[in-house]
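> Coordinates only, no sequence provided:
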């Protein structure tokens, strides 16, 4: 290697003596170097250990893959240390801030409970409105028409009118019959009165279209019967 500057693992790994990851990567290299020394001692004897270690050192200093391996191991170790430090500190952190944590948890629970209650109330209101509308629709579907609902009153009115008419006719017939029995001479007068009453109660025009002008069956006088 004549003409090339000798490289050292420390200088390749540590560019800043105050950079913790760089110093840790060199510490990992030193730990690995100690393992290699034990290996060389066991396989080559104590006398060859310094020479073997120097050869191994020079190979590492000129091998970028080995150098990057130590840097990566340093980064992983730092992350593990950070995680472990946080885990160890969590009990103290929780104890110091337990009041604030509990308050936040309670406030969150209250907010969630309120939202759930609002959702339940909205669902209940929607169900009630739906039930009312459904009931109204069913009532309208089964509710009878005006003529059905007032048919009894109409029948009473019509029935009362018919009964009044029939009652008057029956009463007149009874009076006429009674007068005829008591005094036969009053029979013609009673018949005339009855005819006049019936003509007033029933239409005077021809309701049948048969040329009948009166329900008392009185025929109109013929043209030849009229006096000149």
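The structure has been received and is ready for your questions. The shown structure was predicted, so the numbers you read here are calculated from the model rather than taken from an experiment.
> Looking at the record's assignment, how would you partition this structure?
Domain ranges of the chain: 9-89, 146-205, per automatic domain parsing.
> Which one of the ones you listed has the poorest average confidence?
Ranked by mean pLDDT, the domains of the chain end with domain 146-205 at the bottom, a mean of 58.
> Counting by contacts, list what the host helix or strand of residue 81 packs against.
Using DSSP states H and E, residue 81 maps to helix 64-96. Using 3 or more Cβ pairs under 8 Å, 6 or more residues apart in numbering; DSSP states H and E, the elements in contact with helix 64-96 are helix 9-13, helix 20-44, helix 49-61. Heads up, the C-betas are built off the backbone N, CA and C, glycines and all.
> Pull out the buried positions in the longest one.
Of the residues in helix 20-44, those scored as buried under the neighbour-count criterion (16 or more other Cβ atoms under 10 Å) are 22, 24-26, 28-29, 32, 40.
> and which of those residues is nearest to residue 57?
residue 29 (9.2 Å; Cβ to Cβ).
> Give me the nearest residue to that closest one, chain neighbours excluded.
residue 70 (5.1 Å; Cβ to Cβ, 6 or more residues apart in numbering).
> thinking that neighbour is in contact with residue 27, fair?
No. With contacts counted by Cβ atoms under 8 Å, residue 70 stays clear of residue 27, the gap being 9.1 Å.
> ok, back up a step: show me the one of the helices and strands packed on helix 64-96 that comes nearest residue 91.
Short answer: helix 20-44, nearest of those by Cβ to Cβ, at 26.1 Å.
> what residues does that closest one touch?
The contact list for helix 20-44 (Cβ atoms under 8 Å, 6 or more residues apart in numbering) reads 9-10, 13-17, 48-49, 52-53, 56-57, 60, 70-71, 73-75, 77-78.
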